[in-house]
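Trainee: what would the 3D arrangement of this be:
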Amino acid sequence: MKKLDEFLKASAQGDLLPWNAQKQAMKEFGLTCGQVEQAALTLSILPARYQRNRKTITTLDQLRLFQSKVAVIGCGGLGGYIIEELARLGVGTIKAIDPDVFEEHNLNRQILCTVSDLGKAKAKVAQKRVKAVNPAITIIPVVNPFSQENGTELLQDMDTVVDALDSVPTRIELADCCETLKIPMVHGTIGGWYGQVTTQLPGDG
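Mentor: Predicted coordinates:
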């Protein structure tokens, strides 16, 4: 859209697009926040929320992140933090998969858990949180467990999968599914004061 491009270029402060200008573009052109973000990044204009990212990644990299799709399996102690950071970083589509609801014992360590969200589905709460943090992001909540039976359907259009599960057998099933689909998997786990992270790229096994 030529008029949108002209508006974004005129509204940019240097190579940064302020949030108020992004909101104004949404209103004037009847677009979603994500559509405006995509247009700005395509013009090499960086939404100002990401300005600290450019110490590490380029605006082109930011566009690639925005066009990426990541599935996070588990929205609890580990998965909640991952979802939060992916949204803040600017990953465009996040699929949050978890069949559980928040319980009182989650309040001491799970970033997505609040008193008002007790009894609510973790994946749905993740959706609400992401929309509050970064409305340009598309988040798809799935209130079903990952399994061998539904794995291919859940993950087939994802670019990367993050394992934030709490079950070793299910982790193994997820690794097998990612290998079959040729999708990179990032595995993380925490216990007490210790943590572990590793990646499984297609072909690694």
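Trainee: need the helices for this structure, in chain order.
Mentor: Counting by DSSP state H, the chain has helices at residues 2-11, 19-29, 33-42, 59-66, 79-89, 122-133, 151-155, 168-181.
Trainee: these: which one's closest to residue 140?
Mentor: helix 122-133 (8.0 Å; Cβ to Cβ). C-beta here means a position set from N, CA and C on the backbone, and glycine is covered the same way.
Trainee: what's that closest one in contact with?
Mentor: Outside helix 122-133, the residues within contact range by Cβ atoms under 8 Å, 6 or more residues apart in numbering are 75-76, 79-80, 83-84, 87-88, 94, 96-98, 100-102, 112-113, 117, 137, 139-143.
Trainee: can you give me the distance of the residue nearest to residue 54 when sequence neighbours are not counted to residue 65?
Mentor: Leaving aside its sequence neighbours, residue 54 sits nearest to residue 46 (Cβ to Cβ, 6 or more residues apart in numbering; 6.5 Å). Separation of residue 46 from residue 65 (Cβ to Cβ, to the nearest Å): 12 Å.
Trainee: these two: which is more packed in?
Mentor: Per other Cβ atoms under 10 Å, whichever of residue 46 and residue 65 has more neighbours is residue 46, with 23 against 18.
Trainee: who does that one form a beta bridge with?
Mentor: Per DSSP bridges, the residues bridged to residue 46 are residue 16.
Trainee: is it true that it touches residue 14?
Mentor: No: look at residue 46 against residue 14 with Cβ atoms under 8 Å: they stay out of range, at 9.2 Å.
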